[in-house]
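Engineer: Compute the structure for the input listed below.
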Amino acid sequence: MIAGIGSDLANIERIGRALEKFGDRFVGKTFSVAEQAEINRRKKLSEREYACAAAKRFAAKEACSKALGTGFREGIFLKNIEVTHLPSGKPELRLTGGAKKQLEKLSGGRNARVLVTMTDDYPWAQAFVIIEII
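Structural biologist: Here you go, the predicted model:
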């Protein structure tokens, strides 16, 4: 059963400007240590790739907060939603803190699966999240 669905469209140029203006402060408040490492690997390719990687992850966090039905309130923060990847490259979301608590509340103690897909086509990054109760 689908318990939540969320989508988000992020402007890569806007995220790029935030990265330029706020630098490590923006990155530190928004992304986990593991996400920061992944995004920084993209920075070595180009500033545009850096902004694309950050924007996709930002969109995934926004989409997840919508799927949870709360947005970023009730104790849910950007860093509570972490984009990880399987060895195959498939993205996954790991929820902690308030996001994990909201997922548990939404699932009513049943098992839940959080599915995510991300894409970008400059200047846009997009993500969709589905929360499924299994």
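Engineer: Now name the helix or strand holding Ala3.
Structural biologist: strand 2-11 (DSSP states H and E).
Engineer: could you give the mean pLDDT of that strand?
Structural biologist: Per-residue pLDDT values over strand 2-11 give a mean of 97.
Engineer: Could you find the closest non-adjacent residue to Tyr122?
Structural biologist: Closest residue to Tyr122 apart from its sequence neighbours, by Cβ to Cβ, 6 or more residues apart in numbering: Ile12 at 5.8 Å. Placement of C-beta: from N, CA and C, glycine included.
Engineer: show me the contacts for the one you found.
Structural biologist: Counting by Cβ atoms under 8 Å, 6 or more residues apart in numbering, Ile12 touches Arg48, Ala51, Cys52, Ala55, Asp120, Tyr122, Pro123, Trp124, Ala125.
Engineer: 10 Å instead?
Structural biologist: Going by Cβ atoms under 10 Å, 6 or more residues apart in numbering, Ile12 touches 48, 50-56, 58-59, 120-125.
Engineer: What's the PyMOL syntax to select whichever of the residues you listed are buried?
Structural biologist: In PyMOL, a selection of the buried entries from the contacts of Ile12 looks like this (16 or more other Cβ atoms under 10 Å):
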select buried, resi 50+51+52+53+54+55+56+58+59+120+123+124+125
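Engineer: Which of the contacts of Ile12 fall in helices?
Structural biologist: Arg48, Tyr50, Ala51, Cys52, Ala53, Ala54, Ala55, Lys56, Phe58, Ala59 (DSSP state H).
Engineer: Closest to Gly108 out of these?
Structural biologist: Of all these, Gly108 sits closest to Ala59, with 27.7 Å by Cβ to Cβ.
Engineer: hang on, that closest one packs against Ile81?
Structural biologist: No - checked against Cβ atoms under 10 Å, the pair Ala59 and Ile81 is beyond contact range at 11.1 Å.
Engineer: where along the chain do the strands fall?
Structural biologist: Taking DSSP state E, the strands of the chain run over residues 2-11, 81-85, 91-95, 112-121, 124-133.
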